[in-house]
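Chemist: Got a predicted model here, sequence first, then my questions.
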Amino acid sequence: MANDRCLIVDAYNLFIRHYVANPTMSKNGDQIGGIVGFYNNLTKLIDKTNAKDVYVIWEGGGSVRKKNIYTNYKRQSRPVKLNRYYEDIPDTLQNRNYQIKTLIKFLDNFPVTQLYVEGSEADDVIGYLCKYRFKTRPKVILSSDHDYYQLLNKLTIIYSPTLKSFVDEKFVINKFGIHPDNFALAKAIVGDNSDNIPGVPGAGFKTLVKEYGHLFQKPDFDSNRYQLFVENAANMENSKKKIYKSIKENKDMIERNFKLINLDVGNLAHYQINKIEQKLENNEKTYNNINIHKLLNENAINSIDIYNTKIIYNRLLR
């Protein structure tokens with residue numbers, strides 16, 4: 001493992017995974033599965049990757065720029081469903097907010113850096129960190145979100161809590177037949193139902209690879225590569241395959257989708273980037289043992305093993 005590896009956490013993605021599935025309760029009868037599961041998962045991966053620095057990135061209330069590009073972006077997000085077996089389940093929104101606020105306060109006492117950039121999404125901040133701020137550092141992204149596949153390279157890998165394994169360039173090429181450099185373009189064509197982004201009719205990953213594999217398997221993405229698909233579609237106008245006509249007719253939608261899906265600085269304002277940089281420059285690593293125990297006692301949390309995990313966080317102070 002590299003000595004300067006950093007761990008970048010898609011915080012809400014990791015939290016919600018444990019929030020909906022982990023039934024742990026506090027001594028006061030409050031649901032705390034999101035807090036406990038997040039902490040345990042994070043701690044294990046810090047140890048597993050031997051990370052030197054940890055960055056926990058929270059959602060900033062949604063991207064203003066993406067909403068301006070496409071007003072229906074993420075409009076039909078599904079409500080969170082809990083995996084619970086209790087007869088009396090408290091209000092999930094209230095409990096979710098309680099757990100997130102408590103978790104943020106809890107992590108403030110650990111040698112990790114938490115980032116919240118108002119008016120942005122966590123994936124845009126993570127894209128900036130990977131492509132610019134930490135471009136030359138080995139990185140592990142902790143998330144189950146496929147959008148991060150576009151960031152994979154020799155210095156960047158992903159740990160998926162869903163797969164319970166690491167994901168790299170080879171994994172994506174083998175699974176989708178698409179090089180990570182082209183993954184954002186592929187999703188712009190195929191669409192993304194989870195974010196309410198419509199795709200080109202009849203276009204799926206398998207179809208793209210079958211018809212355009214020679215382009216999608218090339219590394220070093222060209223931002224105008226979508227034009228090659230449009231031109232190819234025009235040349236195949238007389239083909240019986242509908243995919244060519246669909247791509248030609250939906251050129252504008254592909255361009256719009258790419259702006260939504262591509263993780264770069266395009267969806268971050270200058271002041272947001274400055275806020276990221278200022279936070280990173282002014283951050284000091286600390287481990288406040290007294291406050292940690294105080295918060296656990298105040299919230300009646302007795303299912304986190306602080307004693308045996310302290311050594312892992314102490315490594316981050318070196």
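Modeler: Alright, I've got the coordinates.

Chemist: Show the residue spans covered by the strands in the stretch 1-150 of the chain.
Modeler: Secondary structure of the stretch 1-150 of the chain (DSSP state E, counting those that start in this stretch): strands at 6-10, 53-58, 113-116, 139-142.

Chemist: need the contact list for T309.
Modeler: T43 (Cβ atoms under 8 Å, 6 or more residues apart in numbering). (Each C-beta comes from the backbone N, C-alpha and C, glycine too.)

Chemist: what's Y132 in contact with, if anything?
Modeler: V265.

Chemist: Likewise for V172?
Modeler: With Cβ under 8 Å, 6+ apart, V172 has these contacts: 149, 152, 178-180, 183.

Chemist: Then P201?
Modeler: 242, 246, 250.

Chemist: Run a quick neighbour tally on the last one.
Modeler: Taking other Cβ atoms under 10 Å as the criterion, the count of residues near N250 is 20.

Chemist: which one of the contacts of P201 is nearest G60?
Modeler: Closest approach to G60 among these (Cβ to Cβ): N250, at 30.3 Å.

Chemist: Report the contact partners of that closest one.
Modeler: 200-201.

Chemist: What does the pLDDT read for it?
Modeler: Looking at N250, its pLDDT stands at 89.

Chemist: and the gap between it and N28?
Modeler: Counting by Cβ to Cβ, to the nearest Å, the gap from N250 to N28 is 54 Å.

Chemist: So for the residue lying closest to L129 once chain neighbours are set aside, what's the pLDDT?
Modeler: Of all residues beyond its chain neighbours, the one nearest L129 is I8 (5.9 Å), with distances taken as Cβ to Cβ, 6 or more residues apart in numbering. Looking at I8, its pLDDT reads 98.

Chemist: Now do the helices in the protein.
Modeler: 11-21, 33-49, 64-69, 92-107, 122-128, 169-176, 183-190, 205-216, 225-235, 242-249, 251-261, 270-282, 289-298, 306-314 (DSSP state H).

Chemist: Columns distance to I141 on top of those helices, output as JSON lines?
Modeler: As requested, the helices of the chain are exported to JSON lines (distance: least, Cβ to Cβ, whole Å):
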{"stretch": "helix 11-21", "distance to I141": "10"}
{"stretch": "helix 33-49", "distance to I141": "11"}
{"stretch": "helix 64-69", "distance to I141": "20"}
{"stretch": "helix 92-107", "distance to I141": "18"}
{"stretch": "helix 122-128", "distance to I141": "6"}
{"stretch": "helix 169-176", "distance to I141": "13"}
{"stretch": "helix 183-190", "distance to I141": "14"}
{"stretch": "helix 205-216", "distance to I141": "21"}
{"stretch": "helix 225-235", "distance to I141": "24"}
{"stretch": "helix 242-249", "distance to I141": "30"}
{"stretch": "helix 251-261", "distance to I141": "16"}
{"stretch": "helix 270-282", "distance to I141": "16"}
{"stretch": "helix 289-298", "distance to I141": "26"}
{"stretch": "helix 306-314", "distance to I141": "19"}
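
Chemist: Now tell me which of the ones you listed the model trusts least on average.
Modeler: Looking at the helices of the chain, the bottom one is helix 225-235 with a mean of 62.

Chemist: ok, N250 to Q272 distance?
Modeler: Taken as Cβ to Cβ, the span from N250 to Q272 is 31 Å.

Chemist: pLDDT below threshold where in the stretch 51-200 of the chain?
Modeler: For the stretch 51-200 of the chain, the stretches with pLDDT under 70 are 76-91.

Chemist: what about 90?
Modeler: 61-62, 64, 72, 74-94, 194 (pLDDT under 90).

Chemist: Include neighbour count and distance to L215 when you put the contacts of V172 into TSV, please.
Modeler: Formatted as TSV, these follow (neighbours: other Cβ atoms under 10 Å; distance: Cβ to Cβ, whole Å):
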residue	neighbour count	distance to L215
Y149	22	17
L152	23	18
I178	23	10
H179	20	10
P180	24	14
F183	25	13
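
Chemist: which one of these is nearest V54?
Modeler: Closest to V54, out of all of the contacts of V172 and judged by Cβ to Cβ, is L152, at 19.7 Å.

Chemist: contacting residues around the closest residue in space to that closest one that isn't next to it in sequence?
Modeler: The shortest distance from L152 to any non-neighbouring residue, by Cβ to Cβ, 6+ apart, is to P180 (4.1 Å). For P180, the contacting residues are 149-153, 169, 172-173, by Cβ under 8 Å, 6+ apart.

Chemist: again with V112
Modeler: Contact analysis of V112 by Cβ under 8 Å, 6+ apart lists 54-56, 285, 316.
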